[in-house]
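*Asks:* 3D, please:
(one chain, ligands or ions: 1)
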Amino acid sequence: MSYDLYQEQIMDHYRKPRNKGHLDQPDCKAKDSNPLCGDSLELELKLDGDRKVIDVRFDGEGCAISQASASLLTVALKGKNLDQIRRLTADDITKMLGIPLSPVRLKCALLSLDVLRLALRPLLEPNGSPPTSDEPSSASMEQGAGSA
Ligand code: FES
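*Replies:* Below you'll find the model as predicted:
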């Protein structure tokens, strides 16, 4: 996909966010904010018996990068199991967005991944320690349905 198409995709997910809102009875959820700007993001997930994501919602305010990143991530999460989610890295998020990001914008882009890890921490790491973020990812971050 070209740079222009990635930019278009970001704006599309910002203007028409997928999976925005709340679930009735989420199995896990978390909220966190970007310390640089104060924008916060909330993520809720529902898992099936095999601990696969069957539904996910996000809510919050923020810039186009943070909102598009959250929207793209929720689309990519559906159908993934905890093992695949554990291997998601910052690199997967930046590849999904597909445009160069300054360090400040990177914080915006990674807010959704940080909140996801917080939400799943009790399931991924029973002792409460966060999963490592620098191991290579083998999880496939497919682009969202309906994207350009
Ligand atoms: Fe606040 Fe990007 S400026 S999340």
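
*Asks:* for the residue positioned nearest the centre of the chain, give me the pLDDT.
*Replies:* Nearest to the geometric centre of the chain sits L73, at 3.5 Å (Cα atoms, centre = their mean). Here the pLDDT value assigned to L73 is 98.

*Asks:* what does the chain have sitting close to the ligand?
*Replies:* 34, 37, 39, 62-63, 65-66, 108, 111 (Cβ under 6 Å from any ligand atom). Bear in mind the C-beta positions are built from the backbone N, C-alpha and C, glycine included.

*Asks:* pull the longest helix from the chain.
*Replies:* helix 103-124 (DSSP state H).

*Asks:* quick one: the strands in this structure, in order.
*Replies:* 28-33, 40-47, 53-60 (DSSP state E).

*Asks:* for those strands, which one sits closest to Q9?
*Replies:* strand 53-60 (16.9 Å; Cβ to Cβ).

*Asks:* one step back: which other residues reach the longest helix of the chain?
*Replies:* 28-37, 39, 41-45, 47, 51, 58, 62-63, 65-66, 69-70, 73-74, 77, 82, 85-86, 88, 90, 93-94, 97, 101, 128, 130-131 (Cβ atoms under 8 Å, 6 or more residues apart in numbering).

*Asks:* and that helix, C-alpha only, in PDB?
*Replies:* Presented in PDB, the C-alpha positions along helix 103-124 are these (Å, rounded to 0.1, in the frame of the first residue of the first chain):
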ATOM      1  CA  PRO A 103       8.500  10.200  18.900                       C
ATOM      2  CA  VAL A 104       5.600  12.300  20.100                       C
ATOM      3  CA  ARG A 105       3.200  10.800  17.500                       C
ATOM      4  CA  LEU A 106       4.600   7.300  18.400                       C
ATOM      5  CA  LYS A 107       3.200   7.800  21.900                       C
ATOM      6  CA  CYS A 108      -0.200   8.500  20.300                       C
ATOM      7  CA  ALA A 109       0.000   5.500  18.100                       C
ATOM      8  CA  LEU A 110       1.000   3.100  20.900                       C
ATOM      9  CA  LEU A 111      -1.600   4.300  23.400                       C
ATOM     10  CA  SER A 112      -4.100   1.600  22.200                       C
ATOM     11  CA  LEU A 113      -1.400  -1.200  22.500                       C
ATOM     12  CA  ASP A 114      -0.600   0.000  26.000                       C
ATOM     13  CA  VAL A 115      -4.200  -0.100  27.000                       C
ATOM     14  CA  LEU A 116      -4.600  -3.500  25.500                       C
ATOM     15  CA  ARG A 117      -1.700  -4.900  27.500                       C
ATOM     16  CA  LEU A 118      -3.200  -3.400  30.700                       C
ATOM     17  CA  ALA A 119      -6.600  -4.900  30.000                       C
ATOM     18  CA  LEU A 120      -5.200  -8.400  29.300                       C
ATOM     19  CA  ARG A 121      -2.400  -8.300  31.900                       C
ATOM     20  CA  PRO A 122      -4.300 -10.500  34.400                       C
ATOM     21  CA  LEU A 123      -4.800 -13.100  31.700                       C
ATOM     22  CA  LEU A 124      -1.500 -12.900  30.000                       C
END
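
*Asks:* fine by me, we can end here.
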